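>>> compute the structure for the input listed below.
(chains A and B)
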Amino acid sequence: MAQPLLQIRNLRKSYGSKEVLKGVSFDVPQGQIVGLLGPNGCGKSSMIKSIVGLINDYEGEILVNGQAPGVESKKVVAYLPEKNYLPPWMTPKQAINYIADFYKNFDKEKAIAMAQTFELDMKQKLKTMSKGQQEKLHLILVMCRKADLYILDEPLGGVDVVARDFILETILKNHAENSTILLSTHLIYDIERILDRVLMVKGGTLAVNTDVEKIRANGNTVENLFREVFSNVW
Amino acid sequence: MFGKLLKHDFIATGRFMGVVYGVFAVVALYLVGSVHFSGNEMDSIGEMLSYIVLCLTAFVNFILTAVVVMSNFQKTLYGEQGYLTFTLPVKSVSVMLSKTIVSTFWYIAAFICFLIAARIALWAAGEAMGETALGLIDSVLAMTEEGLSISVVIVSVIATIFEFFFMVVAFTMIAFLAITISNTRPFQKHYSLFSMLFMAVIGFVVVKLSNLISEEIYFGFNYNFSTEKLAFAMGDDARLAVAHIDIAVPIFLVIVSVVFFFVTHYLMKKKINIR
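Model prediction:
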């Protein structure tokens, strides 16, 4: 049996005395679209930050392609954070060149073509762009990499329903073949149709780890299951 | 990859510093050209003003360099841009090294500007008095009680440049350490305030220790006027020398810089959670 692309064993993370991840373990196989679901503050972002190497002081084990987060894992992980991580003075042209400089698996020509399709002005500074334009650029930078694992943290947050469809379509059209997508969101309805698997994080533990097929076979939906699991949170 | 980090750190800081050096270069060229073609006298208002701007730019360069370097460090590592920096497939020690090299470069550039401004001032004054710059210094030195020669000045300038280089690196590492400590969890909310506070405290301790070393330990190179060569000296030989290049304090500053570099790197890697 092939080694899972992402392996997490007994992951714990605390901020001071507050434990946000309480021994989470799961595997993510190659080629799946996985929804990482849970309300705000449940530990999703800490988990993602640990996987991509932004948090190093966690306990437990994280393996991406068999390697702990580091230089090698970062080569194969394409991460879309919730925040705008580019300097405000950068233009799309400079941002594309920047990413092309550091990632060998970044397809620069495809990125330029996508920027033209999305009608981005290659010389416009980020600080003068609309939020939608900035999100398009971030999406281009991530989806033009031939990565093994795409980690998308709340890519649909704060945008209207048309933009959500556009973002999902861009992700589905452009991710590398046989790659895995870990998609963190609380907008379940929009992504339910594309998910292969769901992970639901509740109070720092993994409450649900199952195939979407199984949920459907039981006559349920991901959204309803989410309601059941988190009904007592609010 | 390290070359790429350097390139992008230069681009990020050079956008602003380039403008400052551009202004400096234009003013310096105007002043030199104007004095040269106007009968070697700095008597027009334009020349006087450009001379003031030149001196101001040379001085302000140091402050601007410090601000740009520290702000770049904070923003690209611990601000939102940290999400980009820390997910690049590069070692964190390379990120630190790149920032250290780029900041040292800009401080050295600021110092060179300062020397150029001083040189232009000497040249302009010399031209006005019908003397060369070195001749002018010699005339001033001859008026001193000790009758110091130009060699003493040259050795002193070399000693100053030598010490300045290590001071700059140490100052950069103090700033990086202070910013990093202030971005750890207990201080993160008021990181700007704590950055300044830690910089002042760590800087004060380093300066005190440097002063103690410079008062108690003497070793370095003396300039021998008869052979016109540098020779190693220590103890009273070094302390009483007229022209001496000290290496005790630079060695201390190197040790401080290396220790601070690795402490900063450890904190950056293990204790920082980007906001």
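>>> give the helix, strand or coil label for A:Pro39.
Here A:Pro39 takes the coil state, with states given by DSSP: H, G, I helix; E, B strand; the rest coil.
>>> quick check: pLDDT value at it.
Confidence per residue is given as pLDDT, and for A:Pro39 that number is 84.
>>> got the residues of chain A near chain B?
For chain A, the residues found near chain B under the criterion CB under 8 Å from any CB of the partner chain are A:15-16, A:49, A:52-57, A:71-72, A:74-75, A:77, A:79, A:81, A:83-87, A:89, A:94, A:98, A:101-103. In this view, the C-beta of every residue, glycine as well, is placed from N, C-alpha and C.
>>> average pLDDT for the strand or helix carrying B:Ile181?
If you go by DSSP states H and E, B:Ile181 is part of helix B:150-182. The pLDDT scores in helix B:150-182 average 84.
>>> what helices and strands are in contact with the next helix-or-strand element following that helix?
As assigned by DSSP H and E, the chain's next helix or strand after helix B:150-182 is helix B:191-216. If contacts are counted by 3 or more CB pairs under 8 Å, 6 or more residues apart in numbering or on different chains; DSSP states H and E, helix B:191-216 sits against helix B:150-182, helix B:248-270.
>>> can you put these in a markdown table and add mean neighbour count?
Compiled in a markdown table, those are given as follows (neighbours: other CB atoms under 10 Å in any protein chain shown):
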| stretch | mean neighbour count |
| --- | --- |
| helix B:150-182 | 20 |
| helix B:248-270 | 17 |
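>>> does stretch B:3-11 reach chain A?
Yes. Against chain A, stretch B:3-11 shows contacts by CB under 8 Å from any CB at B:4, B:7-8, B:11.
>>> residue numbers of the stretch 151-275 of chain B in contact with chain A?
Of all the residues in the stretch 151-275 of chain B, those in contact range of chain A (CB under 8 Å from any CB) are B:185, B:269-271, B:273-274.
>>> just the residues you listed now: which is nearest B:Ala178?
When those are ranked by distance to B:Ala178 (CB to CB), B:Lys271 comes first, at 14.2 Å.
>>> hang on, isn't the closest one packed against A:Asp57?
Yes. Contact between B:Lys271 and A:Asp57 holds when scored by CB atoms under 8 Å: they sit 6.6 Å apart.
>>> so which of the helices and strands packed on helix B:191-216 comes closest to B:Ala231?
Closest of those to B:Ala231 is helix B:150-182, at 12.0 Å (criterion: CB to CB).
>>> could you check the angle helix B:248-270 makes with that closest one?
Regarding helix B:150-182 and helix B:248-270, their directions subtend 20 degrees when assessed with axes from the mean of the first three to the mean of the last three CA atoms, to 10 degrees.
>>> how far off centre is helix B:150-182?
Taking CA atoms, centre = their mean, to the nearest Å, one finds helix B:150-182 lying 6 Å from the centre of the chain it belongs to.
>>> output the lowest mean pLDDT helix or strand found in chain B.
Confidence across the helices and strands of chain B bottoms out at helix B:133-142, with a mean of 65, counting by mean pLDDT, DSSP states H and E.
>>> name the element the most centrally placed residue in chain A belongs to?
Centroid-nearest residue in chain A: A:Leu152, 1.8 Å away (criterion: CA atoms, centre = their mean). Of the helices and strands defined by DSSP H and E, A:Leu152 is found in strand A:149-153.
>>> which one of the helices and strands packed on helix B:191-216 lies closest to A:Lys110?
Going through the helices and strands packed on helix B:191-216 one by one, with CB to CB as the measure, helix B:248-270 comes closest at 33.5 Å.
>>> what is that closest one packed up against?
Applying 3+ CB pairs under 8 Å, 6+ apart, one finds that helix B:248-270 makes contact with helix B:92-129, helix B:150-182, helix B:191-216.
>>> give me the element residue 51 is part of.
Since no chain was named, I'll use chain A. Using DSSP H and E, A:Ile51 maps to helix A:44-52.
>>> hmm, no, I was thinking of chain B.
Since the elements are taken from DSSP H and E, B:Tyr51 ends up inside helix B:45-73.
>>> got it, and A:Val20?
strand A:18-28.
>>> so that strand versus helix A:44-52, what angle?
60 degrees.
>>> quick one: strands adjacent to strand A:18-28?
Listed by DSSP bridges, the sheet partners of strand A:18-28 and their directions read strand A:6-15 (antiparallel).
>>> just the C-alphas of the partner strand, formatted as PDB.
Listed in PDB are the C-alpha atoms of strand A:6-15, where the atom choice follows Å, rounded to 0.1, in the frame of the first residue of the first chain:
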ATOM      1  CA  LEU A   6       0.300  13.500   4.700                       C
ATOM      2  CA  GLN A   7       0.700  11.700   8.100                       C
ATOM      3  CA  ILE A   8      -0.100  13.400  11.400                       C
ATOM      4  CA  ARG A   9       0.500  11.600  14.600                       C
ATOM      5  CA  ASN A  10      -0.600  12.800  18.100                       C
ATOM      6  CA  LEU A  11      -0.200  16.500  17.100                       C
ATOM      7  CA  ARG A  12      -0.400  18.800  20.100                       C
ATOM      8  CA  LYS A  13       0.000  22.600  20.200                       C
ATOM      9  CA  SER A  14      -0.500  25.000  23.000                       C
ATOM     10  CA  TYR A  15      -0.400  28.800  23.300                       C
END
